[in-house]
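> here are the coordinates; sequence isn't available:
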């Protein structure tokens, strides 16, 4: 289901930077439906949401098309990706969450979030 109206972007009182990542799910409609469910507000683990904020991430969105996921992460300008991902991997229940999600993802068993999600390169920008 697509949103042809677009999505509202949160405004911050400070400049932010954006990271974009991608990950593929296993090509199985039932698994994809369950993956979506486990990321819903009702089923996503509270500790995971809190950990994402604790490492300094301001906003995180995941979009899906078929079995392809696209994640947008917004952070303050002084955010250091590798430091934050290392800290995130050590937070309570994070490794458990990654194992829990690995049944759905095309990734190696035991991989951290930073190992599964691949950072993307911006190759186009609409310059003013």
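Looks like it came in fine. Since we're looking at a predicted model, the values are computed, not measured.

> So in the protein, where's the weakest helix or strand by average pLDDT?
Least confident helix or strand, the chain: helix 113-116 with a mean of 90, by mean pLDDT, DSSP states H and E.

> Helix or strand next in line after it, which one?
Using DSSP states H and E, the helix or strand that follows helix 113-116 in sequence is strand 118-119.

> elements contacting that following strand?
strand 16-24 (3 or more Cβ pairs under 8 Å, 6 or more residues apart in numbering; DSSP states H and E). Quick note: C-beta positions are derived from backbone N, CA and C, even for glycine.

> got the buried residues for the strand it packs on?
19, 21, 23 (16 or more other Cβ atoms under 10 Å).

> partners of that strand, with directions?
Take DSSP bridges as the rule and strand 16-24 pairs in its sheet with strand 68-76 (antiparallel), strand 118-119 (antiparallel).

> among these, which is nearest residue 102?
Proximity to residue 102 (Cβ to Cβ) singles out strand 68-76 among the strands paired with strand 16-24, at 13.7 Å.
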